[in-house]
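Peer 1: Just the structure for this:
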Amino acid sequence: MLPRQGNWSLILLLGLGALFFALLLGAALGAGLLVFALLLMSLPLLVVGAVWFWNQSAQRLGQAAFWSQFLLFYFLGIFFGVTGVSLNGAWQVLVFAGGLLGCWLAAGRFRERWLAASLFFLLAYHAVALVSLVFAPSVALKATAYQLVSNLKLFALFGFVFLFSKWVSVEAAVRRTTPVFILLCLLALALQWAGQGLYSTLFPNFMIPVESTFYLPSPGIGIFHHASILAGVSAVLGCYYFACFMERRQRRDLLVFFGLVALLLASNQRQEMFSFFIAITALYFFLSGSTLFVRSSILLVTWALLLCVFVGLFWESILRELPQWGIGTWQRSVIPRYQLYDGAWSFAREYFPLGRGLGAYGGVGAMKYDLSAYFQLGLTSEWWWRNYNHYLLDAYWPNAIGEGGYFGVLFMGLHYACLLLYFVTKGIAALSREVRRAWLAAAAALLWVLGTTPTSPGFQEIVILYFPAVFWVIAERLNQGKGAA
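Peer 2: Below is the predicted model:
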């Protein structure tokens, strides 16, 4: 009997592999490499043994691998604070290695209309940014390659988590670890504010912020190296738990939500708080069962109160920073973030309709491997350049504007808009409240990241993107298991 058509590719692959193995073995024997030939002959036995072991232990191995990387995410910051050694680079290599395989396994999902459109615009952005390199005064291939990889972080994280979601309930992992995360952060914050000496002894590589706040001794950093990371992780987890409460109405979800809000407030990060309000508003609008009039009225009153509190807390700092942005004065702005935007638009005008080129400006690629664009703008003479690595990623959009020009930033914006629409439309079309909640939680997390991009690294910060990717995987798996339109 002839094999079925679907098996021909496997037979061809095995045949080519056997031919290559036979040629390699013959060459080894012909060259007198007896030991190498013996190792080659034992290779099939090792492969068969590995396959057998995998079939027997795949479930446990998958669970162990997932929990290792999941807990590693929380302890990356702690490990750096204690030892001064950053494992972020090694973790990112692991994420991309597993992410490629995970995206391949989830490839069928990328045919969805809005998700396919999102990928198309991402490809269009990179096409514009790569063509721009032809007209750039200088090109650093390392910077280009690094920036290309960095722009795929969200999809790599999705594939990485999706790879392990076959053996583990990712949602259960989130629900088990979040209360522990809150307790650890509260303990670390108590030490930061009440026992700075002990905190500095435990975490000698963490720098406690020196600026005072209206309601706290200093911005909280908890178990992370920067207050914005504490704010980011707390905010996206808060979006998830608010969505859970709106669906289940369980007291436990509400308590965890308030704990996460407390951590967000402790960070004293204005943009992160404001973006969180927007994301929670969107979740309430879609998940509330009340009428449109009632929802709108509640949101209007809530936003009025929140704006009053927000302005009351940060009004003095806002007034203090306005002249630094060049507002209300004839002096040029000296704020790095303003100068990065100004330089990005100058490149967009100079190289219209293209930009400075992929990996040339405003991103991690340029920061690590190519600073020529900043010399071209004269930014190296600014007061902050001595510590430029603290400022070059102060905002996300200068990267897309400077490297891709007007068309590039348009394509990048459409990429994120289509991805957000993919989450929202899947949530609206869901046949189950649980699936609906999962999709909208993922949408809220993505919306939060988008809301912070004007004044933060946003999608270039892999730690911030981790939980949005986790929520995306949860939604995909629930969608697959429960059924959806």
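
Peer 1: and the residue lying closest to Met273 once chain neighbours are set aside, what helix or strand is that in?
Peer 2: Counting by CB to CB, 6 or more residues apart in numbering, the nearest residue to Met273 once its immediate chain neighbours are dropped is Leu264, at 6.2 Å. Bear in mind the C-beta positions are built from the backbone N, C-alpha and C, glycine included. Element membership for Leu264, per DSSP states H and E: helix 251-267.

Peer 1: Quick one: distance of that helix to the chain centre.
Peer 2: 21 Å (CA atoms, centre = their mean, to the nearest Å).

Peer 1: Any buried residues in it, and which?
Peer 2: Residues of helix 251-267 classed as buried by neighbour count (16 or more other CB atoms under 10 Å): 253, 256-257, 259-267.

Peer 1: Over to stretch 187-201?
Peer 2: Buried, per 16+ other CB under 10 Å, within stretch 187-201: 188-189, 191-192, 199-200.

Peer 1: tell me the two of those that are most distant?
Peer 2: Using CB to CB, the buried residues of stretch 187-201 span at most 14.1 Å, a distance reached by Leu189 and Ser200.

Peer 1: How about the contacts made by the spatially closest residue to Leu163 that is not a sequence neighbour?
Peer 2: Closest residue to Leu163 apart from its sequence neighbours, by CB to CB, 6+ apart: Gly102 at 3.5 Å. Contacts for Gly102 (CB atoms under 8 Å, 6 or more residues apart in numbering) come out as 158-163.

Peer 1: which one of those has the most neighbours?
Peer 2: Using other CB atoms under 10 Å as the neighbour test, those are led by Val161, with 29 neighbours.

Peer 1: what mean pLDDT does the helix or strand hosting it have?
Peer 2: Per DSSP H and E: Val161 is located in helix 153-164. On average, the pLDDT along helix 153-164 is 90.

Peer 1: how far does it sit from the chain's center?
Peer 2: For helix 153-164, the distance to the chain centre is 10 Å (CA atoms, centre = their mean).

Peer 1: Against which helices or strands is that helix packed?
Peer 2: Counting contacts by 3 or more CB pairs under 8 Å, 6 or more residues apart in numbering; DSSP states H and E, helix 153-164 packs against helix 34-83, helix 88-105, helix 462-482.

Peer 1: rank those helices by mean pLDDT and give me the bottom one.
Peer 2: Looking across those, the weakest by mean pLDDT turns out to be helix 34-83, at a mean of 63.

Peer 1: immediately after the helix holding Leu264, which helix or strand?
Peer 2: helix 270-287.

Peer 1: how big is the angle separating that following helix from helix 462-482?
Peer 2: Put simply, helix 270-287 runs at 10 degrees to helix 462-482, going by axes from the mean of the first three to the mean of the last three CA atoms, to 10 degrees.

Peer 1: if we look at helix 270-287, which residues are touching it?
Peer 2: The list of residues contacting helix 270-287 from outside it, by CB under 8 Å, 6+ apart, reads 228, 231-232, 235, 238-239, 242-243, 246-247, 264-265, 295, 298-299, 302-303, 306, 310, 314, 317, 424, 427-428, 436-437, 440-441, 443-445, 447-448, 450-452, 454-456.

Peer 1: Select from those every entry located in helices.
Peer 2: Counting by DSSP state H, those place 228, 231-232, 235, 238-239, 242-243, 246-247, 264-265, 295, 298-299, 302-303, 306, 310, 314, 317, 424, 427-428, 436-437, 440-441, 443-445, 447-448, 450-452 in helices.

Peer 1: Could I have the PyMOL command that selects the buried members from those residues?
Peer 2: Applying 16+ other CB under 10 Å to the ones in helices among the contacts of helix 270-287, the buried members can be selected in PyMOL as follows:
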select buried, resi 228+231+232+235+238+239+242+243+246+247+264+265+295+299+310+314+424+427+436+437+440+441+443+444+445+447+448+450+451+452
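
Peer 1: what kind of secondary structure is Gly355 in?
Peer 2: Classification of Gly355 by DSSP: H, G, I helix; E, B strand; the rest coil places it in coil.

Peer 1: from what I can see it touches Ala127, true?
Peer 2: No. Between Gly355 and Ala127 there is no contact under CB atoms under 8 Å: 11.9 Å.

Peer 1: Looking at the two, which one has more neighbours?
Peer 2: Remark: of Gly355 and Ala127, Gly355 carries more neighbours, 33 against 15, as counted by other CB under 10 Å.

Peer 1: excluding its backbone neighbours, what's nearest that one?
Peer 2: With CB to CB, 6+ apart as the criterion, Gly355 has its nearest non-adjacent residue at 3.6 Å, and that residue is Gly405.

Peer 1: could you give the angle of the helix or strand harbouring that neighbour to helix 153-164?
Peer 2: Using DSSP H and E, Gly405 sits within helix 397-429. For helix 397-429 against helix 153-164, the angle by the same axes, to 10 degrees is 40 degrees.

Peer 1: What mean pLDDT does helix 397-429 get?
Peer 2: pLDDT averaged over helix 397-429 gives 94.

Peer 1: Over to stretch 365-385?
Peer 2: 87.

Peer 1: Which positions within that stretch qualify as buried?
Peer 2: The neighbour-count check on stretch 365-385 (16+ other CB under 10 Å) flags 365-374, 376-377, 379, 382 as buried.

Peer 1: could I get those residues as JSON lines with distance to Glu112?
Peer 2: Below are the buried residues of stretch 365-385 laid out as JSON lines (distance: CB to CB, whole Å):
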{"residue": "Gly365", "distance to Glu112": "30"}
{"residue": "Ala366", "distance to Glu112": "33"}
{"residue": "Met367", "distance to Glu112": "34"}
{"residue": "Lys368", "distance to Glu112": "34"}
{"residue": "Tyr369", "distance to Glu112": "35"}
{"residue": "Asp370", "distance to Glu112": "36"}
{"residue": "Leu371", "distance to Glu112": "40"}
{"residue": "Ser372", "distance to Glu112": "40"}
{"residue": "Ala373", "distance to Glu112": "37"}
{"residue": "Tyr374", "distance to Glu112": "40"}
{"residue": "Gln376", "distance to Glu112": "42"}
{"residue": "Leu377", "distance to Glu112": "41"}
{"residue": "Leu379", "distance to Glu112": "42"}
{"residue": "Glu382", "distance to Glu112": "45"}
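
Peer 1: Throw those into JSON lines and include secondary structure and distance to Ile221, thanks.
Peer 2: What follows is the buried residues of stretch 365-385, written out as JSON lines (DSSP: H, G, I helix; E, B strand; the rest coil; distance: CB to CB, whole Å):
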{"residue": "Gly365", "secondary structure": "helix", "distance to Ile221": "27"}
{"residue": "Ala366", "secondary structure": "helix", "distance to Ile221": "27"}
{"residue": "Met367", "secondary structure": "helix", "distance to Ile221": "22"}
{"residue": "Lys368", "secondary structure": "helix", "distance to Ile221": "24"}
{"residue": "Tyr369", "secondary structure": "helix", "distance to Ile221": "29"}
{"residue": "Asp370", "secondary structure": "coil", "distance to Ile221": "31"}
{"residue": "Leu371", "secondary structure": "coil", "distance to Ile221": "28"}
{"residue": "Ser372", "secondary structure": "helix", "distance to Ile221": "34"}
{"residue": "Ala373", "secondary structure": "helix", "distance to Ile221": "31"}
{"residue": "Tyr374", "secondary structure": "helix", "distance to Ile221": "28"}
{"residue": "Gln376", "secondary structure": "helix", "distance to Ile221": "35"}
{"residue": "Leu377", "secondary structure": "helix", "distance to Ile221": "32"}
{"residue": "Leu379", "secondary structure": "helix", "distance to Ile221": "28"}
{"residue": "Glu382", "secondary structure": "coil", "distance to Ile221": "26"}
